[in-house]
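Novice: sequence first, predicted model second:
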Amino acid sequence: MKIRKITYIICTSLSVVAVAVFICIPKSNECKAIGVIATPAAPLKINDIADKKKKNKIYITNNTNKEKSIAPKSLEEDNKEYVIVGDFTLQGEKMKIGKNSSLNITKGSISNGELVGDNTRLIVNKSKPTFKNLRFSGNFIIGIIKTDFFVIDNNTLKDMISLTSDEIKNEVVINHDLRVRIPDEWRGVVQLRSQTNIVLNANIHQEPTNFKGGNIFFVNDCHDVAFMGKGHLIGDVRNHQDKGGECIYGIWICNATNISVKNITCEEFWGDGIYIYPGGIKHKSNNICDRIVIDSVTCNNNRRQGLSIVGGTNIIVKNSYFTNTGAIHYTPPSAGIDVEPATEYGYDVDNLFIENCYFEKNGPSSYAGKKDLLVYGNNGKVFVSNCEFKRVILAISENVLFNNCTIDTLKTKGETVDKITIKDCQIDQMSRVLNDERALLLNTVVKKRTLPTL
């Protein structure tokens, strides 16, 4: 009979191995434990557990109180986590970051140069500025981008937008006043990507220019963009450096869908506070502007218009203020809102809703053609409700409905209007051309109906 001894490892820890020893008697079901032996384990290094992680993490450290240069190509390995500790400068150079890597700068800063991302996840210190005189190109993933991350200069807005990505939803939070320059004739300071929210908690001032056209925000070829906050976009109408042109805007919405502008103020632009035109600089005929909402916005002291709508569908303008157009400097039409589609490029304005808006002092007192609302050359449906106007002008248009509005003066330009519906309104003076053939009046009081056309 041969007795077998069986050993089991029954417990391990970082410091001990426990072993149970049994003897088994053949031809029986009996096994007896003869002891448990605990022996010290071989030392297990914590660093060994983290080896794989450490291989992917590269520290770049500066322990001095002065900025230090980052060695060339020190960020170029793919799939790494780079941790910046201390303050560094790129000395005006461009530095590429490896593909699918992350750059952690929570304990440092980088200045003076350009970072080139390649699906780069960016982690920054949220309590103090991380970037100074630093440009960005390529693709970064950060999500929330705040002015707090930057030492503020005239490029800060552009730098912030450079960090947005087409791959994720972006939030750009402007907590500090900024100054911006329009870079070239007809160009925007920044062009926004889809899925970008602009949270304007401070003011953006456009520096004076002699350009005839340009804008601060170009919302072009994108979708799902929102402006919000209580801040102001401020143009250069007080000190514009030329007398010509009329096309500098706070916001230009072009070939875009599902765009909202809420609560902000657009004021003192050489052209319009907000401009909605699908065609772009080259007047493309197949573009669209669809599902646009202007809500609780103030357009004040702009030179040409508070808001121009030159093409688009399903546009809502509500709870907004359009005041003092042309009061500082003016150029015609100087309307609060101008609905004037670019029909020569195939555009119309359809399903436009203007609701509960306030208009005052649009067009200087010396200008005979002053107006709060102009609808010119439009055949799409326009619905206007719960508004008060000093002066409305309709020209070469049809399919306009006014509901529950107060209008001091409603004029037409020539005998070129048709299919006008006026319901539950109070009108002091109205062009006599708006007779029963051209206008349907329902429960509307008109005090004087003998005004000639323009």
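Specialist: Happy to help now that I have it.

Novice: what about the helices in the chain?
Specialist: For the chain, the helices defined by DSSP state H cover 46-49, 51-55, 156-162.

Novice: for the nearest residue to Asp295 once chain neighbours are set aside, give me the pLDDT.
Specialist: In space, and not counting its chain neighbours, Asp295 is closest to Lys262: 4.5 Å by Cβ to Cβ, 6 or more residues apart in numbering. Yep, even glycine has a C-beta here, placed from its N, CA and C like the rest. Listed pLDDT for Lys262 reads 98.

Novice: can you check the one 3 residues further on too?
Specialist: Taken from the predicted model, the pLDDT recorded for Thr265 is 98.

Novice: residue contacts, it?
Specialist: When contacts are counted by Cβ atoms under 8 Å, 6 or more residues apart in numbering, Thr265 touches Gly231, His232, Leu233, Val297, Thr298, Cys299, Asn300.

Novice: for it, which residues make a bridge with it?
Specialist: Note on Thr265: beta-bridge partners His232, Thr298, judged by DSSP bridges.

Novice: for the residue nearest to Asp295, what are its contacts?
Specialist: Residues counted as contacts of Lys262 (Cβ under 8 Å, 6+ apart) are Ala226, Phe227, Met228, Val293, Asp295, Ser296, Val297.

Novice: what are the buried residues along stretch 370-387?
Specialist: 370-385, 387 (16 or more other Cβ atoms under 10 Å).

Novice: swap in stretch 84-93?
Specialist: Under 16+ other Cβ under 10 Å, the buried positions of stretch 84-93 are Ile84, Gly86, Asp87, Phe88, Thr89, Leu90.

Novice: dump the residue contacts of the fourth one.
Specialist: Under the criterion of Cβ under 8 Å, 6+ apart, the contact list for Phe88 reads Ile60, Asn62, Glu67, Lys68, Ser69, Ile70, Gly108, Ser109, Ile110, Ser111.

Novice: which stretches of the protein have low pLDDT?
Specialist: The chain contains residues with pLDDT under 70 at 1-55, 366-368, 450-454.

Novice: could you point out the longest strand in it?
Specialist: Using DSSP state E, we find that the single longest strand of the chain is strand 102-124.

Novice: now that strand: how far from the chain's centre is it?
Specialist: 22 Å (Cα atoms, centre = their mean, to the nearest Å).

Novice: give me the residue at the spatial middle of this protein.
Specialist: Centroid check for the chain by Cα atoms, centre = their mean gives Ile198 as the closest residue, at 3.9 Å.

Novice: so the nearest residue to that residue once chain neighbours are set aside versus Lys57, what's the distance?
Specialist: Counting by Cβ to Cβ, 6+ apart, Ile198 lies nearest to Phe227, which is 4.7 Å off, once chain neighbours are set aside. Using Cβ to Cβ, to the nearest Å, we find Phe227 at a distance of 39 Å from Lys57.

Novice: between those two, who's got more neighbours?
Specialist: Remark: of Phe227 and Lys57, Phe227 carries more neighbours, 27 against 14, as counted by other Cβ atoms under 10 Å.

Novice: and the contacts of Lys262, which of them are buried?
Specialist: Among the contacts of Lys262, those buried by neighbour count (16+ other Cβ under 10 Å) are Ala226, Phe227, Met228, Val293, Val297.

Novice: so which of those residues sit within strands?
Specialist: Per DSSP E, the buried ones among the contacts of Lys262 map to strands at Ala226, Phe227, Met228, Val293.

Novice: most widely separated two among those residues?
Specialist: Met228 and Val293 (11.3 Å; Cβ to Cβ).

Novice: overlap in contacts, the two.
Specialist: Common neighbours of Met228 and Val293 (Cβ under 8 Å, 6+ apart) are Ser260, Lys262.

Novice: so for stretch 415-429, what gets flagged as buried?
Specialist: Per 16+ other Cβ under 10 Å, stretch 415-429 contains these buried residues: Thr416, Val417, Asp418, Ile420, Thr421, Ile422, Cys425, Ile427, Gln429.

Novice: go on, stretch 294-309?
Specialist: Of the residues in stretch 294-309, those buried (16+ other Cβ under 10 Å) are 294, 297-309.

Novice: looking at those, which are in strands?
Specialist: Ile294, Thr298, Cys299, Asn300, Gln305, Gly306, Leu307, Ser308, Ile309.

Novice: hmm, the third one is touching Gly326, no?
Specialist: No: contact criterion Cβ atoms under 8 Å: Cys299 and Gly326 do not qualify, at 12.0 Å.
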